[in-house]
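**Student:** everything below, folded, please.
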Amino acid sequence: MSTVIASFETLTLESVEEGIIVLTINRPERMNSMTATMFAELGRAAIAIRSAGPRAVILTGAGTSVFCSGFDLAELPAVMELGVRQFYHFEEVASGAMAAIRSISCPVIAAIHGGVAGGGLALALAADMRIGAPTARFAAGFVKIGLSVGELGTSWLLTRLVGPARAAELAFTGRPFGAEEALRIGLLNRIVPADHLMPAAIELATQISANSPSGVRLSKSALRLGAEISSYEAAMELENRGQALLTRTQDMPEALAAFGERRPANFTGN
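**Tutor:** Here you go, the predicted structure:
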């Protein structure tokens, strides 16, 4: 049985199993589109998640037809009236929301159904893993509305996920593409039946939760920061520090003992 941890105007946070939290974009009447309020609430949701201390987070959209359709065009006229300084501040809040999701210390799994466009794609890219239903359909269609793919971290994350040439094609054409292509180019980890999407996400989160909390957390940190480090030596230094810290936890000797005794480890995160 799920338990509501926090409810916002545009989002909900629920605990579905011990150590697993679901963050839902909750604007199905507007195709789960983004608003200025949502950007602010995503930052607050990340803080609430940090306080709850889960082992994994599942990010999804309410309903079954759309994950997130990007920015709500009904709000666009008001945004376009902003001066340069005000618009830059708006962009900082919006991009800060994506960074807040990406910096959640535990793994984030995006469970994707239906349409994913614009800022919705940026949000999906901010997750560590993405599983999708066959209905998942993506578009980096910024150029279709006179903007660039340099929005909310999309240019940086998309390039590193699918490679520069594929990212260029998707960015320059703005064309939509489906789940099968997303899987082929590495945007999706796997495709699962639509009615099994959330159970599959929970199953993956449960597999993650069975491991050392500190080990998983520092693994995420190493992977995330490693993608931002251009130096092999700097990446090794980051890894060395993380491994040195992990050897001082209670979980490591417990894991070694459990391995020797051929039993599941009792990880505590201490």
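**Student:** quick one: low-confidence ranges for the protein?
**Tutor:** Along the chain, segments meeting pLDDT under 70 span 1.
**Student:** kindly report the domain assignment for it.
**Tutor:** Following the assignment in automatic domain parsing, the chain carries domains at 3-209, 213-261.
**Student:** can I get these in JSON lines with distance to Thr268 and mean neighbour count?
**Tutor:** C-betas here are computed from N, CA, C, even on glycine. Putting the domains of the chain into JSON lines (distance: least, C-beta to C-beta, whole Å; neighbours: other C-beta atoms under 10 Å) gives the following:
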{"stretch": "domain 3-209", "distance to Thr268": "12", "mean neighbour count": "19"}
{"stretch": "domain 213-261", "distance to Thr268": "6", "mean neighbour count": "14"}
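**Student:** would TSV of those with distance to Asn270 be doable?
**Tutor:** Formatted as TSV, the domains of the chain follow (distance: least, C-beta to C-beta, whole Å):
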stretch	distance to Asn270
domain 3-209	12
domain 213-261	5
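**Student:** which ones are touching Asp128?
**Tutor:** By C-beta atoms under 8 Å, 6 or more residues apart in numbering, Asp128 lies in contact with Pro107, Val108, Ile109, Lys220, Leu223, Arg224.
**Student:** just the strands from the stretch 151-270 of the chain, written as ranges.
**Tutor:** Here the stretch 151-270 of the chain has its strands, by DSSP state E, counting those that start in this stretch, at 177-178, 190-191.
**Student:** relative to Phe172, which of the contacts of Asp128 is nearest.
**Tutor:** Arg224 (27.4 Å; C-beta to C-beta).
**Student:** surely Pro213 and Gly269 touch.
**Tutor:** Yes - applying C-beta atoms under 8 Å, one finds Pro213 in contact with Gly269, separated by 3.7 Å.
**Student:** could the strands of the stretch 151-270 of the chain be laid out in TSV, adding distance to Phe259?
**Tutor:** Output for the strands of the stretch 151-270 of the chain, formatted as TSV (distance: least, C-beta to C-beta, whole Å):
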stretch	distance to Phe259
strand 177-178	42
strand 190-191	28
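**Student:** out of those strands, nearest to Gln86?
**Tutor:** With C-beta to C-beta as the criterion, Gln86 lies closest to strand 177-178 of those, at 34.6 Å.
**Student:** pairing partners for that closest one, with directions?
**Tutor:** strand 137-139 (antiparallel) (DSSP bridges).
**Student:** list the contacts of stretch 8-15.
**Tutor:** 2-7, 21-27, 35, 37-38, 41-42, 44-45, 48-49, 52, 54, 62.
**Student:** spatially central, which residue of the chain would that be?
**Tutor:** Ala127 (1.8 Å; C-alpha atoms, centre = their mean).
**Student:** contacting residues around it?
**Tutor:** So Ala127 contacts Leu59, Ile101, Arg102, Val108, Ile109, Ala110 (C-beta under 8 Å, 6+ apart).
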